[in-house]
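# Sequence and computational prediction follow.
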Amino acid sequence: MSDVKNYIKTNKERFLEELFELIRIPSISSLQENKPDMYKAANYWKEIILKAGADKAEVYETKGNPVTYGEKIIDPALPTVLVYGHMDVMPVDPIELWTSDPFEPEIKDGKIFARGADDDKGQAFMHAKAFEIMVTTGKLNCNIKFMIEGEEEIGSPSLSEFCVKHKEMLKADIILVSDTGMIARDIPSITTGLRGLSFMEIELTGPNRDLHSGIFGGAVANPANVLSKIIASLTDEDGKITIPGFYDDVIEVSDDERKEMAKAPFDLEKYKKGLDIEQVDGEKGFSTNERTGIRPSLDVNGIWGGYTGEGAKTVLPSKAYAKISMRLVPNQDNKKISELFKKHIENIAPPTVKVKVSALHGGQGYVSPIDMPAYKAAELAYTEIYGKKPVPVRSGGSIPIISAFEEILGIKSILMGFGLEEDAIHSPNENYPLENFYKGIETIVAFYKHYKK
């Protein structure tokens, strides 16, 4: 692999500048005002894939944001790898907490600071550069297809239909994804499980207008007060979710598997220190890693209503809102959970308010077998580059489209992530270590070397 290292060393500044041009495009999928930026990002990906050596690349329309597809077929008889990534990013709010412009990447302390540096522009871009290296150095030993979408951060609402429509074009033996992380810089890991997701919004309406809290307070129900009580009731004192039927389909992990999971390196004190918290929290009877890996959860992602500006405005708000995400374990159906949630909120909301519950998006969980040839190739690749065998882990995160790939395309996915917990994805000051970026490229090239169908 010395020629790979030399290629990276010779071209590392160009690699970064090309990545930075992508990062500078504010491709925020959840904001309609950024719709034109989604097309800029899609066309930029088309250009990058073609320059790297693809036979063809196109930008495809969907009902939502575009998808960039490209391919290089060297021999139809050889295995085919479909690389999946996403070009869209999360919003940057609260902007005042950023120490630099989120869309003008900066390198500080050996890290790239910018929105999308890790999730997923930096990680997806590694695949384009690994592809370029293999084409240029004559190392490419299988067919490669790229599918880069623009809606992952909003639940990939258009991609399933795209996959159905282009099923023949997307035929492959394995899907390769870098949108997850590693346990630590010196402890490589392969994500073997993802939690599913049900993302909901609650809207409570009380009086027909904001009211004076002195004249009406204590006489008219305050939607913000009611919402607070409803949310507080959704988990009990042991951290269990109280929605009837929520745990019906949860498969309990055996004691033997829990013992194996416990072997993964984890420093609880370092974890707490990194988050600046005194204690962890969660479902009673489970460790921190188990709570995020094999158990479901429910969290408020946003709550608002009434006056939140500077100073005082003593109003009783007409409306109150909350966005709530439920992370689900394999075998829990996100649509069923969304319906259970909706019915439960409607049942417990008092008659003093009107309630509206909406399902925003969701997806199923996913488990990757560790005996597949592709998993073995990934294992060998990490071992070769990092000098140690990667640890299989189940992630607390969700990539809803991964389970849809298996359902629609009939293809399993391998999740080769290189991000770190401290990369602050979805948060202000998102970052990605340069070391992980370059080592990620090396590891991806090594994957192809070891992969045989």
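Happy to help now that I have it.

# What are the buried residues along the least confident helix or strand in the chain by mean pLDDT?
For the chain, scoring each helix and strand by mean pLDDT, DSSP states H and E identifies helix 255-261 as the least confident one, at a mean of 82. By neighbour count with 16 or more other Cβ atoms under 10 Å, helix 255-261 contains the buried residues 258, 261. Using the backbone N, CA and C atoms, a C-beta is placed for each residue, glycine as well.

# Find out how far it is from the centre of the chain, if you would.
Distance, stretch centre to chain centre, for helix 255-261: 26 Å (Cα atoms, centre = their mean, to the nearest Å).

# Just the CA trace of the biggest helix by length in the chain, in PDB.
In the chain, with assignment by DSSP state H, the single longest helix is helix 2-23. C-alpha atoms of helix 2-23 as PDB (Å, rounded to 0.1, in the frame of the first residue of the first chain):
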ATOM      1  CA  SER A   2       3.000   2.300  -0.200                       C
ATOM      2  CA  ASP A   3       2.000   3.600  -3.600                       C
ATOM      3  CA  VAL A   4      -1.400   4.500  -2.100                       C
ATOM      4  CA  LYS A   5       0.200   6.500   0.700                       C
ATOM      5  CA  ASN A   6       2.500   8.200  -1.800                       C
ATOM      6  CA  TYR A   7      -0.500   9.100  -4.000                       C
ATOM      7  CA  ILE A   8      -2.300  10.600  -1.000                       C
ATOM      8  CA  LYS A   9       0.800  12.500   0.200                       C
ATOM      9  CA  THR A  10       1.400  13.900  -3.300                       C
ATOM     10  CA  ASN A  11      -2.200  15.000  -3.800                       C
ATOM     11  CA  LYS A  12      -3.400  15.700  -0.200                       C
ATOM     12  CA  GLU A  13      -3.700  19.500  -0.700                       C
ATOM     13  CA  ARG A  14      -5.700  19.000  -3.900                       C
ATOM     14  CA  PHE A  15      -7.900  16.500  -2.100                       C
ATOM     15  CA  LEU A  16      -8.700  19.000   0.700                       C
ATOM     16  CA  GLU A  17      -9.400  21.900  -1.700                       C
ATOM     17  CA  GLU A  18     -11.800  19.800  -3.700                       C
ATOM     18  CA  LEU A  19     -13.500  18.700  -0.400                       C
ATOM     19  CA  PHE A  20     -13.600  22.300   0.800                       C
ATOM     20  CA  GLU A  21     -15.400  23.400  -2.500                       C
ATOM     21  CA  LEU A  22     -18.100  20.900  -1.700                       C
ATOM     22  CA  ILE A  23     -18.300  22.000   1.900                       C
END
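
# Could I get the full set of strands for the stretch 1-150 of the chain?
56-60, 67-72, 80-86, 106-108, 111-113, 143-149 (DSSP state E, counting those that start in this stretch).

# Nearest to Pro265, out of these?
Smallest distance to Pro265 across these (Cβ to Cβ): 22.0 Å, for strand 111-113.

# which strands and helices sit next to the longest helix of the chain?
Helices and strands touching helix 2-23, by 3 or more Cβ pairs under 8 Å, 6 or more residues apart in numbering; DSSP states H and E, are helix 35-52, strand 111-113, helix 121-137, helix 434-450.

# the residue most distant from the middle of this protein, which is it?
What lies farthest from the middle of the chain is Ile215; by Cα atoms, centre = their mean that is 46.8 Å.

# can you tell which of the helices and strands packed on helix 2-23 is closest to Tyr366?
Checking the helices and strands packed on helix 2-23 against Tyr366 by Cβ to Cβ gives helix 121-137 as the closest, at 17.6 Å.

# for the closest one, packing partners?
helix 2-23, helix 35-52, strand 80-86, strand 143-149, helix 434-450.

# and Leu340, what is it in contact with?
The neighbours of Leu340, taking Cβ atoms under 8 Å, 6 or more residues apart in numbering as the test, are 243-246.

# did I read that right, Thr191 in a helix?
No - the assignment for Thr191 (DSSP: H, G, I helix; E, B strand; the rest coil) gives strand, which keeps it out of a helix.

# Contact partners for it?
So Thr191 contacts 180-181, 368, 393-395, 415, 417 (Cβ under 8 Å, 6+ apart).

# Could you rerun that using 6 Å?
By Cβ atoms under 6 Å, 6 or more residues apart in numbering, the contact set of Thr191 is 180, 393, 395, 415, 417.

# cool, Val81 as well?
142, 144, 174, 176.

# And for the last one, the neighbour number?
Just to be clear, that refers to Leu176. Other residues near Leu176 come to 25 when the count uses other Cβ atoms under 10 Å.

# So it: helix, strand or coil?
Under three-state DSSP, Leu176 falls in the strand class.

# Wait, it touches Val83, no?
Yes - contact criterion Cβ atoms under 6 Å: Leu176 and Val83 qualify, at 5.1 Å.

# Strands along the stretch 201-350 of the chain, start to end?
Ranges of strands in the stretch 201-350 of the chain, per DSSP E, counting those that start in this stretch, are 211-212, 297-305, 315-316, 319-328.

# With Ser427 as the reference, name the closest of the ones you listed.
Here strand 297-305 is closest among these (Cβ to Cβ), at 12.6 Å.

# in the closest one, what counts as buried?
297-298, 305.

# Tell me the strands beside that strand, with direction?
Strand 297-305 has its sheet partners listed here by DSSP bridges as strand 319-328 (antiparallel).

# which residues of the stretch 151-300 of the chain fall in helices?
With DSSP state H, counting those that start in this stretch as the criterion, the stretch 151-300 of the chain has helices at 159-165, 223-232, 255-261, 268-275, 288-293.

# what's the neighbour count on Asp186?
For Asp186, using other Cβ under 10 Å, the count is 10.

# For it, grab phi and psi.
phi -100, psi 10 (degrees, to the nearest 10).

# Could you list the low-pLDDT ranges of the chain?
Scanning the chain for pLDDT under 70 picks out no residues.

# mind redoing it with 80?
Where the chain drops to pLDDT under 80, the residues are 1, 257, 260-261, 263, 453.

# can you list the domains in it?
2-194+365-450, 196-250+296-363 (automatic domain parsing).

# now the longest one, how far from the centre of its chain.
The gap between where domain 2-194+365-450 is centred and where its chain is centred comes out at 11 Å by Cα atoms, centre = their mean.

# Kindly provide the distance from the residue farthest from the centre of the chain to Val315.
Distance from Ile215 to Val315, counting by Cβ to Cβ, to the nearest Å: 11 Å.

# ok, back up a step: please identify which of the domains of the chain is closest to Ala264.
domain 2-194+365-450 (5.1 Å).

# Could you count how many residues lie near Pro157?
17.

# scratch that, Lys453 is what I was asking about
Count around Lys453 with other Cβ under 10 Å applied: 11.

# now it: how far from Gly138?
Distance from Lys453 to Gly138, counting by Cβ to Cβ: 21 Å.

# circling back to that earlier point, with Asn289 as the reference, name the closest of the domains of the chain.
Of all the domains of the chain, the one in closest proximity to Asn289, counting by Cβ to Cβ, is domain 2-194+365-450 (8.0 Å).

# what about the closest one, how long is it end to end?
Counting by Cα to Cα, to the nearest Å, you get 16 Å between the two ends of domain 2-194+365-450.
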